[in-house]
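> Generate coordinates for the sequence data below:
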Amino acid sequence: MLDWDDLRYVLETVRQGGLSGAARVLKVNHATVSRRIAAVELQTGARLFDRLPSGYRATEAGREAARAAERMEDAGIELSRSLAARDQSLSGELKITAPQLMVERVLAPILLEFRAAHPDIMVNVVATNEQVSLTRREADVAFRFGDTPSDTLVGYRVTEQMAAAYASHAQIERLAENPNLPLDWVRFAHWPGLPEQITKAWPNRQVTLVVDDMIAAIGAVRAGIGATRMACFLGDTDPELARLPGVPLFDYSAIWLLTHPDLKDVPRVAAFMEFAATRIRKMRPCFEGRMP
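Below you'll find the model as predicted:
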């Protein structure tokens, strides 16, 4: 009988398109991936990958092995969720995922309060802007931005959001002293162009920097490189930034607090979701751009 641990190496090599990706995901070196694949090939007597100068390419047998391994993985994940759903103790590990800046600005004090109220729950935070899978139990609870969550998840729409254009105090002072200056703007690489509200309020403008990350954008705005758009909970809570005059608020994605249906009644999951939702709802003025 094939060892699931060996089949994981076959599966990830097919998924990632080669040894490098599989080694990165599995947190091992190339030699280990190659050796484990060779062990499966020896046991089955089938060639699972063609060794080409460009890398490993899965054969039909390799793809079949990967499909079987994926079914095994799915069954293991489903069993893990089923067993977790039986846990009725208000203790144990709770894995939460949220965007990095939300952890810094919003969740850190909430987590401090929650830990004080529930010292037997060990919170594990996955701070990332990537979408972590709750179905695959990469996390138990997720904070997500969006208009509608996945149909496979359940939870709360905890608050609406607005965004605004922000600049450093120094940039705003320069523009006030000389209204003829062009507006320096920090653009996100994935945005097609400037928002209409900006083009109307500041027809004289220039892009001074292109970034692909909000942390980088905030750093650039603080340094005075240019203004940019960001969620109000980020801009209004940063003492180094101020709203750009003459620009109205922008609509922004709502915040959802979600979990998998199998886990919604697990005490530690339910306790955290209710706790966090209550506190974030009290902060709605911050998210909706209504702070004093």
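> can you pull the buried residues of stretch 251-261?
Going by neighbour count (16 or more other Cβ atoms under 10 Å), the buried part of stretch 251-261 is Tyr252, Ala254, Ile255, Trp256, Leu257, Leu258, Thr259, His260. Where you see a C-beta, it was placed from the backbone N, CA and C, and this is true even at glycine.
> should've said stretch 130-139
Here stretch 130-139 shows Val132, Leu134, Arg137, Ala139 as buried, counting by 16+ other Cβ under 10 Å.
> Can you check my assumption that Arg51 lies in a strand?
Yes: according to DSSP: H, G, I helix; E, B strand; the rest coil, Arg51 belongs to a strand.
> what are the bridge partners for it, then?
Tyr56 (DSSP bridges).
> Let me know how buried it is, in neighbour terms.
Residues near Arg51, counting by other Cβ atoms under 10 Å, number 10.
> next one: Asp3
Asp3, neighbours per other Cβ under 10 Å, totals 11.
> Now do the same for the spatially most central residue of the chain: helix, strand or coil?
Central residue of the chain (Cα atoms, centre = their mean): Asn129, 2.7 Å from the mean position. When classified by three-state DSSP, Asn129 comes out as coil.
> And for Pro119?
coil.
> List the buried residues in stretch 216-234.
217-218, 220-222, 224-234.
> try stretch 46-59
Leu48, Phe49, Tyr56, Ala58.
> And the average pLDDT for it is what?
Across stretch 46-59, the average pLDDT comes to 90.
> Next one, pLDDT for Val125 please.
pLDDT, read off for Val125, is 96.
> In which helix or strand does it reside?
strand 121-127 (DSSP states H and E).
> Next SSE downstream of that strand?
strand 141-145.
> ok, then the element right after the helix or strand where Ile280 lies?
Element membership for Ile280 (DSSP H and E) is helix 267-282. Downstream of helix 267-282, the first helix or strand assigned by DSSP H and E is helix 284-287.
> Assign a three-state SS to Leu94, would you?
strand.
> related to what we said a few turns ago, angle of the strand holding Val125 against strand 141-145?
30 degrees (axes from the mean of the first three to the mean of the last three Cα atoms, to 10 degrees).
> All set now, cheers.
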